[in-house]
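A.B. asks: Next comes the sequence, and after it the predicted model I'd like to discuss.
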Amino acid sequence: MNPSNENELTLAVLERLEGATDPRFAQIMASLIKHLHAFLRDVDLKPDEWMNGIQFLTAVGQACTDKRQEFILLSDTLGASMMVVMLDQARALAQGRTGAKATEATEATVQGPYYWEGAPEQPLGANIAEGVAGEPTFYSGRITDTSGKPLQGALLDIWSGDGEGNYDMQIEGAEMAARARIRTDEQGRYWYWSIQPSYYPVPVDGPVGRMLGGMGRHPNRPGHIHMMVSAPGHVPVTTHLFVANSPYIDSDAVFGVRPSLIVDYEKHPAGKAPDGRVMDQPYWSAHYDFCLAPRQA
Ligand code: BEZ
Ligand code: FE
(Lines give C-alpha, C1' and ligand atoms only; values in the text may rest on other atoms or scores of the structure.)
(Ligands and ions follow the chains in the order given, each with its own letter.)
Protein backbone atom coordinates (compact mmCIF):
# COMPACT_ATOMS: atom_id res chain seq x y z
CA MET A 1 0.00 0.00 0.00
CA ASN A 2 1.26 3.47 -0.87
CA PRO A 3 0.13 5.96 1.78
CA SER A 4 -1.98 8.89 0.74
CA ASN A 5 -2.02 10.73 4.10
CA GLU A 6 -0.14 10.94 7.42
CA ASN A 7 -2.17 8.22 9.12
CA GLU A 8 -1.61 5.80 6.26
CA LEU A 9 2.11 6.62 6.28
CA THR A 10 2.43 5.45 9.89
CA LEU A 11 0.47 2.27 9.10
CA ALA A 12 2.59 1.62 6.02
CA VAL A 13 5.83 1.83 8.02
CA LEU A 14 4.39 -0.44 10.72
CA GLU A 15 3.33 -3.00 8.09
CA ARG A 16 6.94 -3.36 6.97
CA LEU A 17 7.67 -5.02 10.29
CA GLU A 18 5.80 -8.12 9.16
CA GLY A 19 9.04 -9.88 8.23
CA ALA A 20 10.75 -9.25 11.58
CA THR A 21 11.67 -12.58 13.14
CA ASP A 22 12.53 -11.36 16.65
CA PRO A 23 9.22 -10.47 18.34
CA ARG A 24 10.83 -8.23 20.99
CA PHE A 25 12.69 -6.27 18.29
CA ALA A 26 9.43 -5.93 16.35
CA GLN A 27 7.63 -4.68 19.48
CA ILE A 28 10.32 -2.08 20.20
CA MET A 29 10.43 -0.85 16.59
CA ALA A 30 6.63 -0.65 16.30
CA SER A 31 6.42 1.49 19.43
CA LEU A 32 9.36 3.65 18.31
CA ILE A 33 7.73 4.27 14.91
CA LYS A 34 4.37 5.15 16.48
CA HIS A 35 5.90 7.56 19.01
CA LEU A 36 8.29 9.09 16.48
CA HIS A 37 5.49 9.79 14.02
CA ALA A 38 3.28 11.13 16.79
CA PHE A 39 6.10 13.45 17.92
CA LEU A 40 6.72 14.75 14.40
CA ARG A 41 3.03 15.47 13.98
CA ASP A 42 2.68 16.94 17.46
CA VAL A 43 5.33 19.61 16.83
CA ASP A 44 4.59 19.82 13.09
CA LEU A 45 8.33 19.54 12.42
CA LYS A 46 9.68 21.78 9.63
CA PRO A 47 12.35 20.54 7.18
CA ASP A 48 15.04 22.88 8.58
CA GLU A 49 14.24 21.68 12.11
CA TRP A 50 14.49 18.09 10.93
CA MET A 51 17.93 18.89 9.46
CA ASN A 52 19.02 20.55 12.74
CA GLY A 53 18.03 17.35 14.53
CA ILE A 54 19.98 15.21 12.07
CA GLN A 55 23.04 17.46 12.49
CA PHE A 56 22.70 17.34 16.28
CA LEU A 57 22.59 13.52 16.35
CA THR A 58 25.54 13.43 13.94
CA ALA A 59 27.53 15.71 16.28
CA VAL A 60 26.59 13.52 19.27
CA GLY A 61 28.01 10.50 17.43
CA GLN A 62 31.13 12.40 16.37
CA ALA A 63 31.78 13.49 19.98
CA CYS A 64 32.01 9.83 21.09
CA THR A 65 35.49 8.40 21.60
CA ASP A 66 36.82 5.40 23.54
CA LYS A 67 36.76 7.69 26.62
CA ARG A 68 33.61 9.71 26.03
CA GLN A 69 30.06 8.52 25.38
CA GLU A 70 28.02 11.52 24.31
CA PHE A 71 24.97 9.35 23.50
CA ILE A 72 24.83 8.10 27.09
CA LEU A 73 25.17 11.70 28.28
CA LEU A 74 22.25 12.60 26.00
CA SER A 75 20.24 9.73 27.46
CA ASP A 76 21.22 10.79 31.01
CA THR A 77 20.24 14.42 30.57
CA LEU A 78 16.90 13.51 28.97
CA GLY A 79 16.06 11.24 31.90
CA ALA A 80 16.11 8.14 29.67
CA SER A 81 18.94 6.43 31.61
CA MET A 82 17.13 6.98 34.90
CA MET A 83 13.89 5.66 33.41
CA VAL A 84 15.66 2.45 32.35
CA VAL A 85 17.26 2.15 35.84
CA MET A 86 13.87 2.54 37.53
CA LEU A 87 12.15 0.06 35.21
CA ASP A 88 14.98 -2.45 35.60
CA GLN A 89 15.01 -2.35 39.38
CA ALA A 90 11.22 -2.60 39.59
CA ARG A 91 11.33 -5.66 37.29
CA ALA A 92 14.19 -7.34 39.20
CA LEU A 93 12.50 -6.80 42.55
CA ALA A 94 9.09 -7.94 41.29
CA GLN A 95 10.67 -11.17 40.03
CA GLY A 96 12.44 -11.79 43.32
CA ARG A 97 9.50 -10.92 45.55
CA THR A 98 9.01 -13.76 47.98
CA GLY A 99 6.54 -12.45 50.53
CA ALA A 100 6.45 -10.00 53.42
CA LYS A 101 9.58 -7.86 53.86
CA ALA A 102 10.75 -5.73 56.74
CA THR A 103 12.51 -3.26 54.44
CA GLU A 104 12.58 -2.32 50.78
CA ALA A 105 15.77 -2.86 48.79
CA THR A 106 18.06 0.16 48.39
CA GLU A 107 17.03 2.19 45.37
CA ALA A 108 19.22 2.24 42.28
CA THR A 109 20.43 5.22 40.30
CA VAL A 110 22.54 5.88 37.19
CA GLN A 111 26.04 4.43 36.96
CA GLY A 112 27.58 7.37 35.10
CA PRO A 113 30.79 7.30 33.07
CA TYR A 114 33.38 7.27 35.85
CA TYR A 115 33.27 3.66 37.08
CA TRP A 116 36.73 2.06 36.86
CA GLU A 117 36.80 -1.69 37.24
CA GLY A 118 39.37 -3.21 39.55
CA ALA A 119 39.48 -0.74 42.44
CA PRO A 120 41.79 -2.03 45.21
CA GLU A 121 40.33 -4.19 47.99
CA GLN A 122 40.79 -2.25 51.21
CA PRO A 123 40.24 -3.35 54.82
CA LEU A 124 37.41 -1.99 56.93
CA GLY A 125 38.33 1.41 58.33
CA ALA A 126 40.73 2.28 55.49
CA ASN A 127 41.05 5.81 54.19
CA ILE A 128 40.24 5.28 50.52
CA ALA A 129 40.98 8.90 49.57
CA GLU A 130 44.50 9.37 50.95
CA GLY A 131 45.87 12.62 49.46
CA VAL A 132 42.60 13.46 47.69
CA ALA A 133 41.33 17.07 47.99
CA GLY A 134 38.30 17.36 50.24
CA GLU A 135 37.07 17.32 53.81
CA PRO A 136 37.52 13.96 55.56
CA THR A 137 34.36 11.94 56.06
CA PHE A 138 33.71 8.80 58.07
CA TYR A 139 31.24 6.53 56.23
CA SER A 140 29.53 3.71 58.10
CA GLY A 141 26.45 1.52 58.10
CA ARG A 142 25.26 -2.00 57.50
CA ILE A 143 24.28 -4.15 54.57
CA THR A 144 21.32 -6.43 55.24
CA ASP A 145 18.81 -8.37 53.21
CA THR A 146 15.19 -7.26 52.99
CA SER A 147 14.29 -9.25 56.11
CA GLY A 148 16.96 -7.36 58.07
CA LYS A 149 19.49 -10.23 58.19
CA PRO A 150 23.07 -8.87 58.12
CA LEU A 151 25.05 -9.85 55.04
CA GLN A 152 28.59 -10.83 55.95
CA GLY A 153 31.18 -10.38 53.19
CA ALA A 154 28.87 -8.16 51.09
CA LEU A 155 30.86 -5.99 48.71
CA LEU A 156 30.82 -2.21 48.41
CA ASP A 157 32.58 -1.08 45.25
CA ILE A 158 32.97 2.67 45.88
CA TRP A 159 33.98 5.62 43.71
CA SER A 160 33.59 9.39 43.80
CA GLY A 161 35.05 12.63 42.63
CA ASP A 162 36.99 14.77 45.08
CA GLY A 163 35.93 17.68 47.25
CA GLU A 164 36.43 20.02 44.29
CA GLY A 165 34.26 18.12 41.84
CA ASN A 166 36.94 16.26 39.86
CA TYR A 167 37.25 12.53 39.15
CA ASP A 168 40.67 10.85 38.84
CA MET A 169 39.65 9.61 35.36
CA GLN A 170 39.28 13.15 34.05
CA ILE A 171 43.02 13.69 34.33
CA GLU A 172 45.04 12.04 31.55
CA GLY A 173 47.29 9.32 32.96
CA ALA A 174 46.03 9.73 36.55
CA GLU A 175 46.07 6.82 38.99
CA MET A 176 42.96 5.55 40.80
CA ALA A 177 41.86 7.80 43.68
CA ALA A 178 38.86 7.75 46.02
CA ARG A 179 38.00 4.22 44.88
CA ALA A 180 37.98 0.96 46.79
CA ARG A 181 36.23 -2.34 47.29
CA ILE A 182 35.30 -2.98 50.91
CA ARG A 183 33.58 -6.02 52.45
CA THR A 184 31.27 -6.11 55.45
CA ASP A 185 32.16 -7.85 58.70
CA GLU A 186 30.23 -10.74 60.29
CA GLN A 187 27.54 -8.31 61.47
CA GLY A 188 27.10 -6.84 58.00
CA ARG A 189 28.84 -3.62 59.08
CA TYR A 190 31.09 -1.44 56.96
CA TRP A 191 33.10 1.67 57.73
CA TYR A 192 35.75 3.60 55.87
CA TRP A 193 37.12 7.10 55.40
CA SER A 194 36.88 9.19 52.27
CA ILE A 195 36.03 12.82 51.54
CA GLN A 196 32.79 14.73 51.19
CA PRO A 197 32.31 14.92 47.43
CA SER A 198 31.42 18.23 45.81
CA TYR A 199 28.79 18.95 43.16
CA TYR A 200 30.20 19.08 39.61
CA PRO A 201 29.03 19.62 36.03
CA VAL A 202 28.55 16.88 33.45
CA PRO A 203 30.71 17.52 30.36
CA VAL A 204 29.33 20.56 28.53
CA ASP A 205 31.94 21.09 25.80
CA GLY A 206 29.96 19.02 23.26
CA PRO A 207 26.52 18.96 21.60
CA VAL A 208 24.74 17.85 24.80
CA GLY A 209 26.15 20.92 26.57
CA ARG A 210 24.75 23.08 23.75
CA MET A 211 21.40 21.33 24.08
CA LEU A 212 21.32 22.01 27.84
CA GLY A 213 22.15 25.66 27.15
CA GLY A 214 19.31 25.86 24.63
CA MET A 215 16.93 24.38 27.18
CA GLY A 216 18.04 26.92 29.80
CA ARG A 217 19.32 24.14 32.05
CA HIS A 218 22.35 24.01 34.33
CA PRO A 219 24.65 20.98 33.91
CA ASN A 220 25.37 20.18 37.57
CA ARG A 221 25.03 17.06 39.66
CA PRO A 222 24.76 17.44 43.46
CA GLY A 223 27.60 16.00 45.58
CA HIS A 224 27.41 12.20 45.69
CA ILE A 225 29.45 9.08 46.24
CA HIS A 226 28.84 6.07 43.99
CA MET A 227 28.68 2.44 45.01
CA MET A 228 27.83 -0.95 43.58
CA VAL A 229 26.56 -3.11 46.41
CA SER A 230 26.47 -6.86 45.97
CA ALA A 231 26.33 -10.14 47.87
CA PRO A 232 26.02 -13.72 46.62
CA GLY A 233 22.38 -14.77 46.14
CA HIS A 234 21.11 -11.17 46.14
CA VAL A 235 20.08 -8.65 43.48
CA PRO A 236 23.02 -6.18 43.24
CA VAL A 237 22.36 -2.47 43.20
CA THR A 238 24.27 0.39 41.56
CA THR A 239 23.53 3.52 43.49
CA HIS A 240 24.84 6.74 45.11
CA LEU A 241 24.60 8.48 48.43
CA PHE A 242 23.78 12.17 47.95
CA VAL A 243 25.00 14.95 50.25
CA ALA A 244 21.81 16.40 51.76
CA ASN A 245 22.84 20.05 51.76
CA SER A 246 24.61 20.03 48.43
CA PRO A 247 23.79 22.65 45.82
CA TYR A 248 21.62 21.14 43.04
CA ILE A 249 20.16 18.44 45.32
CA ASP A 250 16.74 19.30 43.86
CA SER A 251 17.79 19.70 40.24
CA ASP A 252 20.31 16.98 39.34
CA ALA A 253 21.21 17.35 35.63
CA VAL A 254 20.67 13.60 35.12
CA PHE A 255 17.62 13.14 37.42
CA GLY A 256 19.47 10.57 39.55
CA VAL A 257 18.48 11.82 43.02
CA ARG A 258 16.02 9.64 44.91
CA PRO A 259 14.86 10.90 48.32
CA SER A 260 15.83 7.59 49.96
CA LEU A 261 19.47 8.14 48.92
CA ILE A 262 19.92 11.61 50.45
CA VAL A 263 22.14 11.48 53.53
CA ASP A 264 22.78 14.07 56.22
CA TYR A 265 26.52 14.66 56.61
CA GLU A 266 27.17 15.52 60.23
CA LYS A 267 30.04 17.84 61.14
CA HIS A 268 32.38 17.00 64.07
CA PRO A 269 35.20 18.93 65.70
CA ALA A 270 38.75 17.53 65.70
CA GLY A 271 39.13 14.67 68.17
CA LYS A 272 38.43 10.99 68.50
CA ALA A 273 36.31 9.59 65.63
CA PRO A 274 33.86 6.66 66.03
CA ASP A 275 36.50 4.15 64.88
CA GLY A 276 39.05 5.43 67.40
CA ARG A 277 41.05 7.42 64.84
CA VAL A 278 42.22 10.72 66.33
CA MET A 279 41.46 13.54 63.88
CA ASP A 280 43.55 16.68 64.04
CA GLN A 281 40.98 18.60 61.97
CA PRO A 282 37.16 18.74 61.86
CA TYR A 283 35.56 15.93 59.91
CA TRP A 284 32.15 14.75 58.69
CA SER A 285 30.29 11.51 59.16
CA ALA A 286 27.68 9.89 56.93
CA HIS A 287 25.68 6.85 57.98
CA TYR A 288 23.68 4.67 55.61
CA ASP A 289 22.25 1.15 55.74
CA PHE A 290 21.99 -0.71 52.44
CA CYS A 291 19.46 -3.42 51.80
CA LEU A 292 19.61 -6.11 49.12
CA ALA A 293 16.74 -8.28 47.93
CA PRO A 294 17.35 -12.04 47.84
CA ARG A 295 17.41 -13.44 44.31
CA GLN A 296 14.57 -15.76 43.47
CA ALA A 297 15.72 -19.42 43.51
C1 BEZ B 1 28.31 10.67 37.42
O2 BEZ B 1 27.69 10.72 38.44
O3 BEZ B 1 29.45 10.30 37.57
C4 BEZ B 1 27.70 11.05 36.10
C5 BEZ B 1 26.48 10.53 35.75
C6 BEZ B 1 25.91 10.87 34.53
C7 BEZ B 1 26.58 11.74 33.68
C8 BEZ B 1 27.81 12.27 34.05
C9 BEZ B 1 28.38 11.93 35.27
FE1 FE C 1 29.39 10.95 39.84
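C.D. replies: Yep, it's here. Ligands and ions are numbered 1, 2, ... in the order given.
A.B. asks: next helix or strand past the longest helix anywhere in the chain?
C.D. replies: Criterion DSSP state H: the longest helix present in the chain is helix 23-43. Scanning forward in sequence from helix 23-43 by DSSP states H and E, the next helix or strand is helix 47-62.
A.B. asks: residues of that following helix that come out buried?
C.D. replies: Neighbour-count burial for helix 47-62 flags 56, 60 (criterion: 16 or more other Cβ atoms under 10 Å). Where C-beta positions appear, they are placed from N, C-alpha and C, glycine not excepted.
A.B. asks: So which bits of the helix or strand following it are buried?
C.D. replies: Counting by DSSP H and E, the element after helix 47-62 in chain order, helix or strand, is helix 70-77. Residues of helix 70-77 classed as buried: 70, 72, 73, 74, 75, 76, 77 (neighbour count, 16+ other Cβ under 10 Å).
A.B. asks: show me which of these neighbour ligand 1.
C.D. replies: By Cβ under 6 Å from any ligand atom, the members of the buried residues of helix 70-77 lying near ligand 1 are 73, 76.
A.B. asks: got the buried residues of helix 70-77 as JSON lines, with pLDDT columns?
C.D. replies: JSON lines is the format used below for those (pLDDT from 0 to 100):
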{"residue": "70", "pLDDT": "97"}
{"residue": "72", "pLDDT": "97"}
{"residue": "73", "pLDDT": "97"}
{"residue": "74", "pLDDT": "98"}
{"residue": "75", "pLDDT": "98"}
{"residue": "76", "pLDDT": "98"}
{"residue": "77", "pLDDT": "98"}
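A.B. asks: out of the buried residues of helix 70-77, who's nearest ligand 1?
C.D. replies: residue 76 (4.4 Å; Cβ to the nearest ligand atom).
A.B. asks: Now do the contacts for that closest one.
C.D. replies: Contacts here follow Cβ atoms under 8 Å, 6 or more residues apart in numbering; on that basis residue 76 touches 82, 110, 112, 202, 253, 254.
A.B. asks: out of these, who's nearest residue 3?
C.D. replies: For the contacts of residue 76, the closest approach to residue 3 (Cβ to Cβ) belongs to residue 82, at 36.3 Å.
A.B. asks: wouldn't residue 138 be in contact with residue 276 here?
C.D. replies: No - between residue 138 and residue 276 there is no contact under Cβ atoms under 8 Å: 11.0 Å.
A.B. asks: neighbour-wise, which of the two wins?
C.D. replies: residue 138 (23 against 7; other Cβ atoms under 10 Å).
A.B. asks: Quick check: closest non-adjacent residue to the more buried one.
C.D. replies: In space, residue 138 comes closest to residue 285 once its chain neighbours are excluded; the distance is 4.4 Å by Cβ to Cβ, 6 or more residues apart in numbering.
A.B. asks: contacting residues around the one you found?
C.D. replies: 137, 138, 139, 140, 265, 266, 268, 273, 274.
A.B. asks: Which residues of the protein lie near ligand 1?
C.D. replies: Going by Cβ under 6 Å from any ligand atom, the residues of the chain near ligand 1 are 73, 76, 110, 112, 113, 114, 202, 221, 254.
A.B. asks: Of all residues in the stretch 101-250 of the chain, which one is closest to ligand 1?
C.D. replies: Closest contact between the stretch 101-250 of the chain and ligand 1, by Cβ to the nearest ligand atom, is at residue 112 (2.7 Å).
A.B. asks: does the nearest residue to that residue once chain neighbours are set aside sit in a helix, a strand or a coil?
C.D. replies: The shortest distance from residue 112 to any non-neighbouring residue, by Cβ to Cβ, 6+ apart, is to residue 226 (6.8 Å). With DSSP: H, G, I helix; E, B strand; the rest coil as the basis, residue 226 sits in strand.
A.B. asks: Against residue 266, how distant is residue 226?
C.D. replies: 21 Å (Cβ to Cβ, to the nearest Å).
A.B. asks: higher neighbour count, those two?
C.D. replies: The residue with more neighbours, out of residue 226 and residue 266, is residue 226; 24 against 13, by other Cβ under 10 Å.
A.B. asks: my guess is that one meets residue 160, correct?
C.D. replies: Yes - counting by Cβ under 8 Å, residue 160 is a contact partner of residue 226 at 6.1 Å.
A.B. asks: All the helices of this structure, in order from the start?
C.D. replies: 6-15, 23-43, 47-62, 70-77, 80-96, 207-215.
A.B. asks: and these, which is most packed in?
C.D. replies: Of all the helices of the chain, helix 70-77 has the most neighbours on average by mean count of other Cβ atoms under 10 Å, namely a mean of 20.
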